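# My questions are about this predicted structure, shown below with the sequence.
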Amino acid sequence: MESWIVANLKRFIESVEKTEMPVNISVFLDLSDRLDSTRNGGFPVSQMARDAAIVGKLVDYFVETCVKHKISENKNHFQILFHPTPNTTDIASIAANLNVDMAKISNPGEKKRKLIAMKEDFSKGLSVIYGQTLRAKAWMGSDIWGFFCNKNAKVDELCVRKGYRNIMVILTDGYIYYRDNRQSSGNSAYSYILPKLVDNVPDLSLLAPRKGLGDLEVMMLEINPGKPTRQAKLISILEKWLGDMGVKHYVVTETGMPSDTQTIIDNFLKGN
């Protein structure tokens, strides 16, 4: 009985601490061929529209969080990321504008204007980024593994701030692959995941050469293995990878009804 009380008290204290900390939200976009409508898995809504709805939901949460505290003292941060950066100047510059760092805005009036315009700015910016990506069709893959695991990994520098609640949302189909960063160890551990590996390697895993990500919370959304028979295995591989790197609070979930995804996001942001 005592251990149950202690465990619940600990969870309560952790939830209170989270609500008191500023939030640092990073949304990582997988701009690979998962955006191609012919690979949409039969869903009536395009992947672009699904991703935009998720980002819109996160922006709403960010704005609400900012409004709950004194605007003048607000230090919350929200950014859009991808790795590598597409070879399009427009996309790089647009993404740079989709980085709202309240700590760097000293004027309270400017902070309010930024929050008011944020939903529309992000909607327009994402529309251009996805539109240019789809028109170019230069599918090089998305180096999610390298973002986390390369030497001097960018995730530590860009997504983890001391004294913040660090939340990273990765929108991906789950097939982690980048043509210029392919590594393996033995016959079952790789820096990438492809459908043929999921089908043919019984003990497939992602290399996890680092730890130390206990201060980062991760949501991997829109997992879409193509075949339902791959779903459980793919999600299990990704969950193990996050756990092996020291991430304590994470969720990996498949694409589905938008209302279900919204509920998953709500629960995660509440600390569940």
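Yep, that arrived.
# Only the buried residues of stretch 76-95, if you could.
Along stretch 76-95, these residues count as buried under the neighbour rule (16 or more other C-beta atoms under 10 Å): 76, 77, 78, 79, 80, 81, 82, 83, 86, 91, 94, 95. Glycine gets a C-beta too; all of them are placed from N, C-alpha and C.
# for stretch 111-125, same thing?
Neighbour-count burial for stretch 111-125 [16+ other C-beta under 10 Å]: 111, 112, 114, 115, 118, 121, 122, 125.
# what helix or strand is the fifth one on?
Okay, so that is residue 118. For residue 118, the host element (DSSP states H and E) is helix 108-136.
# re the thing from before, what would the buried residues of stretch 76-95 look like in CSV with pLDDT, secondary structure and distance to residue 195?
Shown next, in CSV, are the buried residues of stretch 76-95 (pLDDT from 0 to 100; DSSP: H, G, I helix; E, B strand; the rest coil; distance: C-beta to C-beta, whole Å):
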residue, pLDDT, secondary structure, distance to residue 195
76, 98, coil, 39
77, 98, strand, 36
78, 98, strand, 33
79, 97, strand, 31
80, 96, strand, 28
81, 94, strand, 25
82, 91, coil, 22
83, 91, coil, 22
86, 76, coil, 24
91, 84, helix, 27
94, 90, helix, 31
95, 87, helix, 29
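# For those residues, give me a markdown table that also has distance to residue 155.
Formatted as a markdown table, the buried residues of stretch 76-95 follow (distance: C-beta to C-beta, whole Å):
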| residue | distance to residue 155 |
| --- | --- |
| 76 | 19 |
| 77 | 15 |
| 78 | 16 |
| 79 | 12 |
| 80 | 15 |
| 81 | 9 |
| 82 | 13 |
| 83 | 9 |
| 86 | 19 |
| 91 | 20 |
| 94 | 22 |
| 95 | 16 |
